[in-house]
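Colleague: Return atomic coordinates for the entry below.
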Amino acid sequence: MDILGPFPPAKGQVKFLLVAVDHFTKWIEAEPVATITTNNVQKFFWKNVITRFRIPYALITDNGLQFTDRRFNEFLAELGIKHKMTSVEHPQSNGQAEAANKVILKELKRRLGQAKGAWPEHLPEILWAYRCTPQSSTRETPFRLTYGTDAMIPVEVGEPSLRRTMFNNQINEEALNVELDLVEEARDQALIMMEACRARLSRKHRTKVKPREFQTGDLVWRVTGEARKDKAQGKLAPNWDGPYRIMHNLQNGAYKLEELSGKSIPRTWNATHLKHYFS
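Modeller: The predicted structure follows:
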């Protein structure tokens, strides 16, 4: 689960998007909101996930204040949902939602042109396209893995397909029963494909990535997040700030930083967000 935005304000002053993606089927749910409060996050999760599908075993989020809020975690605990937050050692572990966010952003930019405030109106068709597109990791559409059958897409209305021109109630019912019988087999096959894809990506990642390590006392640059950038400089704002000193090596790529004056920097930082400073 993730939060996307802010977007240009639309009707109702909505400018954020709450996104939830099922880890296995890749089914996506998204809803525009005006504010990203804990209450809105909880309502979205209840309405779009729990009451529509089921109580999930676990929820993966980042460390945003909306997700770390005590009330939200008590809500999850009461339902027996394990809350797994992405760690600084593995900032990409919420990658499923991040990948879906990239698709949504790409499609919104492609469809909207200059009508930036109309983005919520285009959201349903973007979600529909995502749900009906075979995913590279499973080789199946999220729709079929969720409901056990292929969706009837709008193009089949203008260009009639075989299942429309040859429609028969009895045959259709029998075919649906067969598909429901085979849905578990399709899910098992998708799981095998997903694990194989994950293994391939892991091997590829290990061969390409050179681990970046720092020692206590090293001077480093820290990546400048969007929230810390000088808005007045816009796109010209620097991407790195510092230098800072490595105060502690917490292992697994996590570090504590301090200013050159000795003042400790809050939270821990991953090696992917740091680079060596050479004076």
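
Colleague: mind checking the SS state of residue 23?
Modeller: State at residue 23, reduced to three classes by DSSP: H, G, I helix; E, B strand; the rest coil: coil.

Colleague: what about it, distance to residue 57?
Modeller: From residue 23 over to residue 57 the distance is 10 Å, taken as C-beta to C-beta, to the nearest Å. No exception for glycine: its C-beta is placed from N, CA and C like everyone else's.

Colleague: Could you do residue 279 as well?
Modeller: For residue 279, the distance to residue 57 - C-beta to C-beta - is 50 Å.

Colleague: Which one's more surrounded, the two?
Modeller: residue 57 (9 against 4; other C-beta atoms under 10 Å).

Colleague: Which residue is the nearest non-sequential neighbour of the more buried one?
Modeller: residue 82 (6.6 Å; C-beta to C-beta, 6 or more residues apart in numbering).

Colleague: Around the one you found, count how many other residues there are.
Modeller: The burial count for residue 82: 11, using other C-beta under 10 Å.

Colleague: That one touches residue 59, doesn't it?
Modeller: Yes - with contact defined as C-beta atoms under 8 Å, residue 82 counts as touching residue 59 (7.3 Å).

Colleague: residues bridging contact with those two, i.e. touching both?
Modeller: residue 76 (C-beta atoms under 8 Å, 6 or more residues apart in numbering).

Colleague: so who does the residue of the chain most remote from its centre touch?
Modeller: Each residue of the chain has a distance to the centre, and by C-alpha atoms, centre = their mean the biggest one is for residue 170: 41.0 Å. Not one residue lies near residue 170 by C-beta under 8 Å, 6+ apart.

Colleague: Quick check: bridge partners of the residue nearest to residue 57?
Modeller: Counting by DSSP bridges, residue 82 forms beta bridges with residue 58.

Colleague: Would you mind pulling the contact partners of the biggest strand by length in the chain?
Modeller: Counting residues, the longest strand found in the chain (DSSP state E) is strand 240-249. By C-beta under 8 Å, 6+ apart, the residues outside strand 240-249 that reach it are 214-224, 228, 255-260, 264-265, 275, 277, 279.

Colleague: Narrow these to those that are buried.
Modeller: 214, 218, 220-222, 224, 255-257, 265 (16 or more other C-beta atoms under 10 Å).

Colleague: By pLDDT, give me the weakest of the residues you listed.
Modeller: Minimum pLDDT for these is recorded at residue 224 (82).

Colleague: Skipping its backbone neighbours, what lies nearest that one in space?
Modeller: residue 241 is the one closest to residue 224 (C-beta to C-beta, 6+ apart), at 5.0 Å.

Colleague: and what of residue 130?
Modeller: Nearest one to residue 130, counting by C-beta to C-beta, 6+ apart, is residue 28 at 5.5 Å.

Colleague: right, and the secondary structure at residue 146 would be what?
Modeller: With three-state DSSP as the criterion, residue 146 reads helix.

Colleague: Is it in contact with residue 24, as I believe?
Modeller: No - Residue 146 is not in contact with residue 24 according to C-beta under 8 Å; the separation is 9.6 Å.

Colleague: Now for this structure, the helix or strand with the poorest mean pLDDT.
Modeller: The helix or strand of the chain with the poorest confidence is helix 162-165; it has a mean of 66 (mean pLDDT, DSSP states H and E).

Colleague: quick one: average confidence on stretch 122-133?
Modeller: For stretch 122-133, the per-residue pLDDT averages 89.

Colleague: For residue 198, grab the count of nearby residues.
Modeller: 11.

Colleague: any chance you could map the helices in the stretch 151-279 of the chain?
Modeller: For the stretch 151-279 of the chain, the helices defined by DSSP state H, counting those that start in this stretch occupy 155-158, 162-165, 169-208.

Colleague: ok, which stretches of this protein are strands?
Modeller: Taking DSSP E as the test, the strands found in the chain are 2-4, 16-21, 28-33, 58-61, 82-85, 219-223, 240-249, 254-258, 269-270, 274-276.

Colleague: Quick check: neighbours of the first one in the sheet, parallel or antiparallel?
Modeller: Think strand 2-4. Checking strand 2-4 against DSSP bridges gives partners strand 16-21 (antiparallel).
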